[in-house]
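Visitor: Here's my sequence, what's the structure:
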Amino acid sequence: MRSALTPTPVRSPCVKVCELDPANGLCRGCLRTQDERDWWVAYSAEQQREVLLRCEQRRATLAAGSGDLAPNMGVVESRRRKAPEA
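Guide: Reported below is the predicted structural model:
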């Protein structure tokens, strides 16, 4: 039985159409930037949810044909590797 405290992993938005659109720099399938695709596994669950919100905004903006696209989430420090202590 799963504990109620066990976090639910955030599902990747990838739909296996991995091709960057040169016009906007977004994946034609999921609307993530190259950085967001590359760093998905390093993002925290909160950051992954933020990427999903940005993808939804981009989809709506592209469908409307106007507006500013949500900015790139960019590179993050890995959750799996601690930064070296000074």
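
Visitor: rest of the way, CA atoms for contacts and neighbours
Guide: Noted.

Visitor: Quickly note the distance from Ala60 to Tyr43.
Guide: Ala60 sits 24 Å away from Tyr43, taking Cα to Cα, to the nearest Å as the criterion.

Visitor: quick one, which of those two is more surrounded?
Guide: Comparing Ala60 with Tyr43 by other Cα atoms under 10 Å, the one with more neighbours is Tyr43, at 22 against 14.

Visitor: Which pLDDT value does the model give the more buried one?
Guide: With respect to pLDDT, Tyr43 has a value of 92.

Visitor: quick one: contacts for Glu19?
Guide: If you count contacts by Cα atoms under 8 Å, 6 or more residues apart in numbering, Glu19 has them with Cys27, Arg28, Gly29.

Visitor: Can you tell me the closest non-neighbouring residue to the last one?
Guide: With Cα to Cα, 6 or more residues apart in numbering as the criterion, Gly29 has its nearest non-adjacent residue at 4.6 Å, and that residue is Val17.

Visitor: what about the one you found, distance to Arg28?
Guide: 7 Å.

Visitor: Give me the more crowded residue out of these two.
Guide: Neighbour totals were compared for Val17 and Arg28, and Arg28 leads with 17 against 10 (other Cα under 10 Å).

Visitor: Check the gap between the more buried one and Pro9 for me.
Guide: From Arg28 over to Pro9 the distance is 24 Å, taken as Cα to Cα.

Visitor: next one: Cys18
Guide: Distance from Cys18 to Pro9, by Cα to Cα: 22 Å.

Visitor: With neighbour numbers in mind, choose between the two.
Guide: More crowded of Cys18 and Pro9, by other Cα under 10 Å: Cys18, with 16 against 9.
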